[in-house]
Each structure stands twice: as C-alpha cells, then as structure tokens.
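Student: Okay, here's the prediction I keep looking at, along with the sequence it came from:
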Amino acid sequence: MFEFTGAGWGEVFALSSALTWALAVILMRRSGETLPAFELNLFKNCIGFLLMVPTLFVFHGLTLPGYSMKELMIVIASGLLGIAVADTWYLKALNLMGASRTGIVSSLFSPFVILLSAIFLGEHLVSWQWAGFMMVLGGILLVTWRNKRSVVEADNIRKGAIYGVSAMLMMAIGIVMIKEIIESRPFLWTVELRLAGGVAGMLAYVLVRGHWGRIKQNFGQPHPWGTVVVASILGAYVSVIFWLAGYRLIDASVASVLNQTNGAFIILFAWLMLGERITRRKSLGITLTLGGVIIMLKM
C-alpha cells in the first residue's frame, strides 16, 4: 500500500491530509465539542489505532516485521512526542490563550520541520520553494489572525505561547525522526506503532494523574457519537495515513508546507458547512495559501 513512485503522489497525499484533517475539525465543531478536548483526542487516537488492525491484516498481516530495536524505539518515541506530548501541550495552549492565537503559533510547524530537516536530513528548499512557503505562511496568518480578541491575561498568553511553541517543536521532531523509517519499513506498521506509542503515552498520563474517574464520567455523558466517530476516523485514521504517506514520498520540508494549508481548508469548510462568513482578509489569505501551493507544485 502506498507504493506509489510516480511524480506528484507525495504532494497529493500531503494536500489530502490537510483537506481531510480540516473536514474532521469542522465535524468536531458540528458535534458541539461536548467531549472535553483530552477525552476527544484520546477517543480519536484509540479509533485510529483499532482501525489500523484490520487494515494491517489485509495489507501486511499481523506478524510484526523485522524492525530493529532501535527503529521500534524511535517510532514509539515519535508517537509519544507527536501525539501524547504535542497534542497535550497544544490543548493546554488552546485553553490558555484561545483558538486564534494558538492558530498563529501552529504556523511555526513548517519552519521547525524545515530547520530540523536541514540539520538532520540534509534537505533544503530552493528559492522558488521559499517563495511558496512564505506565501503559504502569510496566507495562514491572514486567515487565523483576528483583530478583535477577548481579553486574556498576559500570564496566560505567555504560558500558552510556551506550550504552543513547544507543541509544534515536538510535533516536528516526531515526524523528522521517523522520516528514514517510513521510507524503508512497512508503511502501515509504522503508522500503527506510532499510534500505539501515542495512545500508550496518553493512557499512562491518565493513570499517573489519577483521572480515570473523570474520563469515565465524561464518556458516560450524552454526546453526538455518530459525528464524533466520523470525525475521529477522518482525523486519526484517514488523515494520518495521508500525512505520513506524504512524508514517505517527498522531502519533509515540502510536505510540512503543504500540510499547513489545512488552515485555509478549515475556513472554506466552515463557510460551506457552518455558514461562517468569509471576509476579504480571509479571502486574501486563502488566495495567498493556494498560490503558494501552486508555486511549490508547479515550479
């Protein structure tokens, strides 16, 4: 699966990941977000982990391939950093300083991946790719920036910024560290092992913090489970497969920029499905983002 070698498949997967994740975010909004963020994230990742089992059975079988111990530790550590730690810190930032500021901070993901890829993988963007990157980043800033903001205490903004920046850094480290493994080892097994590391990290966190009672109580409340399940399938199964497939086939620096377009897709889906207004500023941001993608794909 995903043994695609023709030109353009990596870019297709990276953009498909951004689009699928954006749709999952909108469905989570439509569900009313009745589940607290941590519980929703845990449920989402458990769904992704469980769905990978029959997928593995069909495409690879359930016998663990010949990973070295070092490779296993790297993949599991990637899940711990990129799913358990990064997601938790991202949610802390969201709670402390709000969605708009956190959205702006999340734009640091691409620069972190580009920097780490240059240091550890020897990748680099050429001049026209830098131009496309700057257009994508500028477009995302335009669609996520808000002129009118609720009053947030300076201390919360400072703490939230620290958590948000740290989350993006951990996420970038988590993907760069497995770049060579996803290129050389069975792809779907690598996805599953990474999910296993993330879920195990989250469950360990719940155990250490003694939050089992709260988790059970929150799951026991009435929720729009149909929407939550569909959003979880898209967010933790489909988009994750597309996400890692993109990194398998193209440079991590390029894939990260294309992934960053999810902010523009979220605005478009919010307009189509939630009736949210698209301002001229957002329209300009979407145009810049799509223009930057076209430059990176065509030149």
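Tutor: Looks like it arrived, so ask away.
Student: and Gly220, what are its phi and psi?
Tutor: Gly220 has phi and psi values of phi -80, psi -10 when expressed as degrees, to the nearest 10.
Student: So, low pLDDT: which residues of the stretch 1-150 of the chain?
Tutor: 1-7, 29-34, 94-95, 98-104, 140, 143-150 (pLDDT under 70).
Student: switch to 90 and redo it
Tutor: The stretch 1-150 of the chain contains residues with pLDDT under 90 at 1-11, 18, 21-42, 44, 59-62, 66, 83-150.
Student: Next: the stretch 151-299 of the chain.
Tutor: Ranges of the stretch 151-299 of the chain meeting pLDDT under 90: 151-165, 167-168, 183-184, 186-187, 205, 208-214, 216-228, 231, 235-236, 243-299.
Student: 70 instead, please
Tutor: Checking the stretch 151-299 of the chain against pLDDT under 70 turns up 151-154, 263, 274, 276, 296-299.
Student: All the helices of it, in order from the start?
Tutor: 154-176, 179-184, 187-209, 212-219, 225-233, 239-249, 252-259, 262-274, 280-298 (DSSP state H, counting those that start in this stretch).
Student: So for the shortest one, what gets flagged as buried?
Tutor: Buried positions in helix 179-184, judged by neighbour count with 16 or more other CB atoms under 10 Å: 179, 181-182. In short, each C-beta sits where N, CA and C put it, glycine included.
Student: Out of these, which comes closest to Trp9?
Tutor: Ranked by distance to Trp9 (CB to CB), the buried residues of helix 179-184 are led by Ile182 at 14.2 Å.
Student: show me what contacts the closest one?
Tutor: Ile182 is in contact with 190, 244, 247-248, counting by CB atoms under 8 Å, 6 or more residues apart in numbering.
Student: Also Arg158?
Tutor: Here Arg158 is in contact with no residues (criterion: CB under 8 Å, 6+ apart).
Student: so Ile47 makes contact with Ile233?
Tutor: Yes. Using CB atoms under 8 Å, Ile47 is in contact with Ile233, at 6.2 Å.
Student: who's more crowded, the two?
Tutor: More crowded of Ile47 and Ile233, by other CB atoms under 10 Å: Ile47, with 21 against 18.
Student: any idea which helix or strand carries the more buried one?
Tutor: helix 37-59 (DSSP states H and E).
Student: contact partners of that helix?
Tutor: Applying CB under 8 Å, 6+ apart, the contact partners of helix 37-59 are 1, 28, 33, 35, 62, 83, 87-88, 91, 94-95, 188-189, 191-192, 195-196, 198-199, 202-203, 206, 215, 218-219, 228-229, 231-233, 235-237, 240.
Student: out of the residues you listed, which are buried?
Tutor: The neighbour count (16+ other CB under 10 Å) marks 28, 35, 83, 87-88, 91, 94, 188-189, 191-192, 195-196, 198-199, 202-203, 215, 218, 228, 231-233, 235-237, 240 as buried among the contacts of helix 37-59.
Student: What distance do you get for His211 to Glu39?
Tutor: As judged by CB to CB, to the nearest Å, His211 and Glu39 stand 10 Å apart.
Student: Same check on Trp128?
Tutor: Trp128 sits 44 Å away from Glu39, going by CB to CB.
Student: of these two, who's got more company?
Tutor: Remark: of Trp128 and Glu39, Glu39 carries more neighbours, 20 against 12, as counted by other CB under 10 Å.
Student: any idea how far Val206 is from the more buried one?
Tutor: 10 Å.
Student: same deal with Leu244?
Tutor: Applying CB to CB to Leu244 and Val206 gives a distance of 26 Å.
Student: again with Gly235
Tutor: Applying CB to CB, the value for Gly235 to Val206 is 20 Å.
Student: Please name the nearest non-neighbouring residue to Ala18.
Tutor: Asn262 (3.9 Å; CB to CB, 6 or more residues apart in numbering).
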